[in-house]
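Undergrad: sequence unknown, structure follows:
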Ligand SMILES: Cc1ncc(COP(=O)(O)O)c(C=O)c1O
C-alpha cells in the first residue's frame, strides 16, 4: 500500500476524504488525540475493494451495499449508531471514488467511530462520526505462490469478549498479535483457533479447506467475521462449480490432512495455502479447485460475469458524477441524518 496514493496513479490529482459530513483534502481529515475511538478502539469499519477496469477507465466496487449493510447491522452491538442512511453511505462512497480519480485497484475504508472527548470507555457518552478514505491496494497477501501458514499461539477474540462479527477497531489488536507472530516466525500468515481449540479463521481473512471435493469452512459461531467474500465463495462454488460446502466446527488436525486450502477476504481475495505448520497441503502445490475458484472470483469482481452484476458498482472516471449516480440509482442530496 502506498501512503500518498494519488502520486501513484495521478500526480496532479489531489486526494480527498469524507470527514465531518463533507469532502476535504486528506491532510484536513484529522482527529483530536482525545477522540474516544483513538483512546479505546471504539470504532467499527469496513474494508471494500475497488477493482480497476482499464478498458472502461472505471472502478468496480465489489459488494459495496453488503459491506455497508454489515456495518450498519453490527453497529448495534457496540452502540455505535449509524450517522447516515444506507443510500447516503453508498452515494458518498461513489462520490469519493469518483472524486479521487484513482486509476488503480484500491481499498475503500469507511469507519464509524466514537468521538466526544469524554474520559472513560462508556459508549453512550460520545457521539458517532463517520469517515471514509481510499487508497491503492494491490495484493494484501501473495495470491500466486501458495502461502506458508502456522497455527497461532494466540486465540481469537470471543463473541463474549470483543464480538468479532462486528469488525471493531479495537479487536484488531488481536489480529495484530496473530499476524506479527506469524511473520516473526517466518510464516506468511496464521490460522487462529477459538478458545475451545477449533479452527476460526486467518488473521484478517476467512478460511476454506477442500476435502474429497467438498468445501469445508468454520461456521458463523466460530468467532469469525462473517465475510462477504466467504459468502461469495459459497455462492460461486454452489452455482458455478456445483460443489457442496459444509459449514461446521473444524479441528486443528484437519488442516494437516485436507487436500487443498485457501484464505478469502477483501484483502486476501482468494489466497491459496500450500503449507500448514510445516506440513504440505495435499501435494504441496496450489490445488485445482482453488485455482478454479480464484479465476472465477477475478472474473466476477471485474464485472465479467453478467449473472453477478448486482455485486458490482461500476464508477466511470471519465463520466460525470451525476451521470454515474443516476445510472446507479443513487442521485440524491448528501445530507447527514438529522
Ligand atoms: C478478521 C477478518 N476475517 C475475515 C475477513 C474477510 O471478510 P470480507 O470478505 O467481508 O472482507 C476480514 C476482512 O477482510 C477480517 O478482518
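TA: Received the coordinates, thanks. A quick note: this is a predicted structure, and the numbers were derived from the prediction, not measured.

Undergrad: Identify each of the strands in the stretch 101-250 of the chain and give its residue range.
TA: 106-115, 127-136, 147-155, 189-193, 199-202, 206-211, 214-217, 245-247 (DSSP state E, counting those that start in this stretch).

Undergrad: Mind putting those into TSV with distance to residue 94?
TA: For the C-beta atoms, the positions are set from N, CA and C on the backbone; glycine is no exception. Putting the strands of the stretch 101-250 of the chain into TSV (distance: least, Cβ to Cβ, whole Å) gives the following:
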stretch	distance to residue 94
strand 106-115	10
strand 127-136	11
strand 147-155	33
strand 189-193	32
strand 199-202	30
strand 206-211	27
strand 214-217	31
strand 245-247	32
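
Undergrad: Quick one: the ones you listed as CSV, columns for mean pLDDT and mean neighbour count too.
TA: Listed next are the strands of the stretch 101-250 of the chain as CSV, based on pLDDT from 0 to 100; neighbours: other Cβ atoms under 10 Å:
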stretch, mean pLDDT, mean neighbour count
strand 106-115, 97, 22
strand 127-136, 96, 21
strand 147-155, 98, 20
strand 189-193, 98, 25
strand 199-202, 98, 26
strand 206-211, 98, 23
strand 214-217, 98, 20
strand 245-247, 98, 15
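
Undergrad: which one of these lies closest to residue 100?
TA: strand 127-136 (5.2 Å; Cβ to Cβ).

Undergrad: Mind giving me the packing neighbours of that closest one?
TA: strand 16-19, helix 86-100, strand 106-115 (3 or more Cβ pairs under 8 Å, 6 or more residues apart in numbering; DSSP states H and E).

Undergrad: mind showing which ranges of the stretch 1-150 of the chain have poor pLDDT?
TA: For the stretch 1-150 of the chain, the stretches with pLDDT under 70 are 1-12.

Undergrad: contacting residues for whatever residue of it ends up closest to the ligand?
TA: At 5.2 Å from the ligand, residue 47 is the closest residue in the stretch 1-150 of the chain, using Cβ to the nearest ligand atom. Applying Cβ atoms under 8 Å, 6 or more residues apart in numbering, we find residue 47 in contact with 67, 107-109, 266-267.

Undergrad: Quick one: name the residues of the chain near the ligand.
TA: Contact residues (Cβ under 6 Å from any ligand atom) of the chain with the ligand: 47, 201, 204-206, 225, 227-230, 265-267.

Undergrad: if we go to 8 Å?
TA: Along the chain, the residues adjacent to the ligand under the rule Cβ under 8 Å from any ligand atom are 46-47, 67, 70, 164, 167, 171-172, 175, 201-206, 224-232, 264-268.

Undergrad: PyMOL command to pick out the buried ones of those residues?
TA: The following PyMOL line selects those of the residues of the chain next to the ligand that are buried, judged by 16 or more other Cβ atoms under 10 Å:
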select buried, resi 46+47+67+70+164+167+171+172+175+201+202+203+204+205+206+224+225+227+228+229+230+232+264+265+266+267+268
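
Undergrad: hang on, the earlier thing: wait, which of the strands of the stretch 101-250 of the chain is closest to residue 283?
TA: It is, among the strands of the stretch 101-250 of the chain and with distance given as Cβ to Cβ, strand 206-211, at 13.0 Å.

Undergrad: Residues contacting that closest one, please?
TA: Strand 206-211 is contacted from outside by 191, 199, 201, 215-218, 224-225, 227, 229-230, 233, 250, 254-255, 257-265, 287, 289-290, using Cβ under 8 Å, 6+ apart.

Undergrad: So which residues make contact with stretch 179-191?
TA: 141-142, 147-154, 178, 199-205, 207, 255, 263, 271, 273, 276.

Undergrad: Just give me the neighbour total for the closest residue to residue 303 other than its chain neighbours.
TA: With sequence-adjacent residues excluded and distances taken as Cβ to Cβ, 6 or more residues apart in numbering, residue 303 is closest to residue 312, at 4.3 Å. Around residue 312 there are 21 other residues, counting by other Cβ atoms under 10 Å.

Undergrad: how much space is there between residue 312 and residue 226?
TA: Counting by Cβ to Cβ, to the nearest Å, the gap from residue 312 to residue 226 is 21 Å.

Undergrad: got it, and residue 331?
TA: Counting by Cβ to Cβ, the gap from residue 331 to residue 226 is 31 Å.

Undergrad: Same check on residue 287?
TA: In terms of Cβ to Cβ, residue 287 sits 25 Å off from residue 226.

Undergrad: buried residues in stretch 31-47?
TA: 35-38, 40-47.

Undergrad: among these, which are in strands?
TA: If you go by DSSP state E, the buried residues of stretch 31-47 have 43-45 in strands.

Undergrad: Nearest to residue 136 among these?
TA: residue 45 (18.1 Å).

Undergrad: hang on, the closest one packs against residue 110?
TA: Yes: taking Cβ atoms under 8 Å as the definition, residue 45 is a contact partner of residue 110 at 6.4 Å.

Undergrad: Give me the common contacts of the two.
TA: residue 71.
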